[in-house]
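Visitor: With the input below, show me the fold.
(2 chains)
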Amino acid sequence: MRKNKWVNYLSILPGISLFLMCLVSCERTEYDLADPESTGVWKQYSTSNSALPGNSVYDIDVDQSGNIWATCYGKGLAKLQSGTWTTFNTSNSYLLSNYTTALEPVTGSVLVGTTSGLSIRQTSGTWLYYYDSSVSYMIINSIISDSRGNYWIGTEDQGYYFYNGTNFYHYLSGYDVNAIAEDKSGNIWFGTDHGLFKYNGTHITTSTTPVLNTSNGLTSNSISTLYPDKNGRLWIGYFASKTASWVDNNGVNQLNLMDGEEITTIWDIQEDKKGDIWFATGGSGLIRYDGVVPHSYKEYNTPSVDDDIYCICQDLEGNLWFGTSSKGVIKYTLPLE
Amino acid sequence: MKNIILIKTIILSLPVLILVNSQIYSQPRDKFTLLTMPYNQRQLTLYRGQLQANAGYKFAVRARDYDKNGDLLVLKDEGTASVFHYYFLQVRYGITNFLELSAETNYLKHGVRSLSTEYYSLTDNISVNTLTTKKGMGDLLILGSARLPIKFKWVDFGIKGGIYIPTSKYEPLKPTHTVTSVTAVNTFTVNYHYNNTNGFGVPVYLFGAAAKFSYSKLSLGTDFSYKTPSKEGENIRWNETLTASKTFNYSNKTYKYLLNNTLEFNASLHFQATGWFNIELNSNYYSSKGGWTEYWGTKYKNPEEFLFSLEPAFEIQISPALRIYELAGFPLLGKNKDAPFYLFMTLSYNIFPFLK
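Guide: Numbering: from 1, shown residues only, chains lettered A, B, ... in the order given. As a prediction, this is how the structure comes out:
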């Protein structure tokens, strides 16, 4: 009988456990959760639905505060801050031309390349500019600020300019320098119409012999864009080619874009937060390479995109921003896996 | 705060304690009578000394799916229809006539083959096939159940509480992708094969309650169970890249997650046609929400799921020791959830090992 009584007392244990579990589960931490419905969404900003000054966007980038900057060719420079576009042009700023072609945000300042030289909007809102009067024209194709604080400016036909904070120096005159990129080791790479050049970080080469061209692995000598990814690969895009290349420790590798076109120009390359590589192309829209297969995003299968896309950047939250030839700016929030 | 919890627990436990100590009774100890007790006269838990071993097999055809708007999608049209094989093993033991302990686990096998996708250029062609399998042992559920300590005649009520102990290998195994039919540098077939496993990855609490009402040959049964994870979990995702030699390099990244809380509610009507044959119509409501999954450092809310199914079933007493239970499931409503048709067969072996 005594044994039965003990067994009876034991039977209340599940009840106690149940209520304890109820109470414990009520003390769960609350999280600020993102909505999965907000992913996989394309959003367009154009002159018809926003204050973006032009629909032809040559370059796009994000500053350290998360503002989006876009060069609207023929219409100046636009900045998207807190959902509102602000325009800078020759009538309200010291932009050298409304034909803006390249930009590089640098710790509060913005370097803006135009078809008439370099303009710099400083943190204070004042403007500086640089134009080399020794050349007949100064069309800027690309700008970067390297990890040492130097500026590198690539031009059409006039080679590139190096600015060390004090003076501008001019190299590779007569070459198109279409793209400049810094890799993880601090090397500066120049994509030109004569192949790939390299500055190794210790001295500036004045050699006119490229480190890579068609004779040692490139598909074409006409390089349109460069992009160093997180895995140490330097991606190379070309004018009028059906492949992209990447350079790693094993040499030069080729990627067929599988876009159904005989030739495509790759205008820009960007790695997303998943590690996929995106190509902005002329005529083939967007191509995303997931490490195995290139996936095509063209107007016929993704009406939100343009078949001619000039530039890509990734904002601080990992969203991709595309500058198009005629549809303005497109924001893409990556889908969940 | 802890004192308040303790006081609340004691107050809430008092009715149970009083009932337990005021309803001592003696059950007939004829084991053949107990083993052959028809459903409409059977109490919610096992009888004292009864050992029950259940082995089940569930075959599910995953041909339909409810989307986020509750619309039904036919997966066969997308080439992703598939079948599940679910094996289930449970051991229950009646410690007293109103207290039972059980342990259960499962094994799941499921493969989804997606439609082939073709990627063309003017001269090249890449074919992509994807197979996603999920298989492996599930976690171990240890469950305690208690019922009112009264002799069951018309009404019975019980509660249960337990925990899923993470015994399974829940992290996905390294994918086993292959490349076949290579006829040129850019003409080949990619065969993705993802190898997912079973299990929660973290301890999960389960608690619930059940009630049963019988009148003559009719019985009405209801029960609910609520599962909630004990903590956040961590898992991995695999990434792959194809090399020039057409082999794959794999890497993985960890991510955190919190499982959804799930609520399941059953209401069933039973008819005891004869002493050895019981038929049943059960309605099952499943709801799941409250969790999140991390993607690239951001926590995204898990989709809210629900599913309502009708489940006709029957039970046959084959011998004093052996019963068979067969159930068919027909999903009728849902949201963000697969809607498989399923058949679930359970063989139940019952003995009183310590009763002569």
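
Visitor: where do the helices sit along the chain?
Guide: In the absence of a named chain, this looks at chain A. Here chain A has its helices, by DSSP state H, at A:2-10, A:13-25.

Visitor: Hmm, no, I was thinking of chain B.
Guide: In chain B, the segments counted as helices under DSSP H are B:2-22, B:31-35.

Visitor: Mean pLDDT lowest where, among the ones you listed?
Guide: Mean pLDDT values for the helices of chain B show the minimum at helix B:2-22, a mean of 51.

Visitor: out of everything not next to it in sequence, what's closest to the residue in the stretch 151-300 of chain B that chain A sits nearest to?
Guide: Chain A sits closest to B:Thr241 of the stretch 151-300 of chain B, with a gap of 3.6 Å, by CB to the nearest CB. For the C-beta atoms, the positions are set from N, CA and C on the backbone; glycine is no exception. Among residues not flanking B:Thr241 along the chain, A:Gly291 sits closest, at 3.6 Å (CB to CB, 6 or more residues apart in numbering or on different chains).

Visitor: again with B:Ile279
Guide: B:Phe314 (4.7 Å).

Visitor: what's around the one you found, how many residues?
Guide: 16 (other CB atoms under 10 Å in any protein chain shown).

Visitor: next one: the one 3 residues further on
Guide: For B:Gln317, the number of neighbouring residues by other CB under 10 Å comes to 21.

Visitor: cool, B:Thr187 as well?
Guide: 16.

Visitor: do B:Arg92 as well
Guide: B:Arg92, neighbours per other CB under 10 Å, totals 20.

Visitor: hang on, isn't it packed against B:Leu101?
Guide: Yes - at 7.4 Å, B:Arg92 counts as touching B:Leu101 under the criterion of CB atoms under 8 Å.

Visitor: how close does the nearest residue to B:Phe271 once chain neighbours are set aside sit to B:Ile324?
Guide: The shortest distance from B:Phe271 to any non-neighbouring residue, by CB to CB, 6+ apart, is to B:Ile279 (5.2 Å). Here the criterion is CB to CB, to the nearest Å. By it, B:Ile279 lies 13 Å from B:Ile324.

Visitor: where in the chain is pLDDT low?
Guide: Defaulting to chain A. The model of chain A has pLDDT under 70 over residues A:1-31, A:203-206.

Visitor: hmm, I had chain B in mind actually
Guide: Within chain B, the ranges that satisfy pLDDT under 70 run B:1-29, B:356.

Visitor: can you pull the contacts of the spatially most central residue of it?
Guide: Nearest to the geometric centre of chain B sits B:Asn106, at 8.6 Å (CA atoms, centre = their mean). By CB atoms under 8 Å, 6 or more residues apart in numbering or on different chains, the residues touching B:Asn106 are B:Tyr86, B:Tyr87, B:Phe88, B:Leu89, B:Met137, B:Gly138, B:Asn198.

Visitor: Repeat that for B:Lys134.
Guide: Shown in contact with B:Lys134 (CB under 8 Å, 6+ apart): B:Leu108, B:Lys109, B:His110, B:Gly111, B:Asn196, B:Thr197, B:Asn198.

Visitor: count of neighbours near B:Ala273?
Guide: The number of residues packed around B:Ala273, counting by other CB under 10 Å, is 12.

Visitor: does it really touch B:Ile279, like I thought?
Guide: Yes - the pair B:Ala273 and B:Ile279 qualifies as a contact (CB under 8 Å) at a distance of 6.2 Å.

Visitor: Tally up the residues packed near the nearest residue to B:Leu148 once chain neighbours are set aside, please.
Guide: Using CB to CB, 6+ apart and skipping residues adjacent in sequence, the residue nearest B:Leu148 is B:Phe157, 5.1 Å away. Counted with other CB under 10 Å, residues neighbouring B:Phe157 total 17.

Visitor: Show me what B:Phe157 is bridged to.
Guide: B:Ala211 (DSSP bridges).

Visitor: Please name the residues that touch residue 283.
Guide: Answering for chain A, as no chain was given. A:Gly283 neighbours (CB under 8 Å, 6+ apart): A:Glu261, A:Thr264, A:Thr265, A:Asp307, A:Asp308.

Visitor: Not quite, go with chain B.
Guide: Counting by CB under 8 Å, 6+ apart, B:Ser283 makes contact with B:Asn266, B:Ala267, B:Ser268, B:Phe308, B:Ser309, B:Leu310, B:Glu311.

Visitor: go on, A:Trp85?
Guide: Contacts for A:Trp85 (CB under 8 Å, 6+ apart) come out as A:Tyr45, A:Ser50, A:Ala51, A:Leu52, A:Pro53, A:Ala78, A:Lys79.

Visitor: Looking at chain A, which residue is nearest chain B?
Guide: A:Gly291 (3.6 Å).

Visitor: how many neighbours does that residue have?
Guide: 17.

Visitor: now do A:Gln64
Guide: Neighbour tally, A:Gln64, other CB under 10 Å: 10.

Visitor: Is it correct that it is in contact with A:Ser109?
Guide: No - with contact defined as CB under 8 Å, A:Gln64 does not reach A:Ser109; the gap is 10.6 Å.

Visitor: Phi, psi for A:Thr107 please.
Guide: Dihedral angles of A:Thr107 (phi, psi; degrees, to the nearest 10) stand at phi 30, psi 60.

Visitor: how about it, what does it touch?
Guide: Counting by CB under 8 Å, 6+ apart, A:Thr107 touches A:Gln64, A:Thr123.

Visitor: One more: A:Ser50?
Guide: Contacts of A:Ser50 by CB under 8 Å, 6+ apart are A:Trp85, A:Gly328.

Visitor: 6 Å instead, please
Guide: A:Trp85 (CB atoms under 6 Å, 6 or more residues apart in numbering or on different chains).

Visitor: how far away is it from A:Glu317?
Guide: Distance from A:Ser50 to A:Glu317, by CB to CB: 19 Å.

Visitor: swap in B:Thr45?
Guide: Distance of B:Thr45 to A:Glu317, computed by CB to CB: 53 Å.

Visitor: between these two, which one's more packed in?
Guide: Legend: neighbour count by other CB under 10 Å for B:Thr45 and A:Glu317, higher for B:Thr45 (27 against 14).

Visitor: near chain A, which residues of the stretch 201-350 of chain B?
Guide: For the stretch 201-350 of chain B, the residues in contact with chain A (CB under 6 Å from any CB of the partner chain) are B:Tyr205, B:Phe207, B:Thr228, B:Thr241, B:Leu242, B:Trp292, B:Tyr295, B:Trp296, B:Thr298, B:Lys299, B:Tyr300, B:Lys301.
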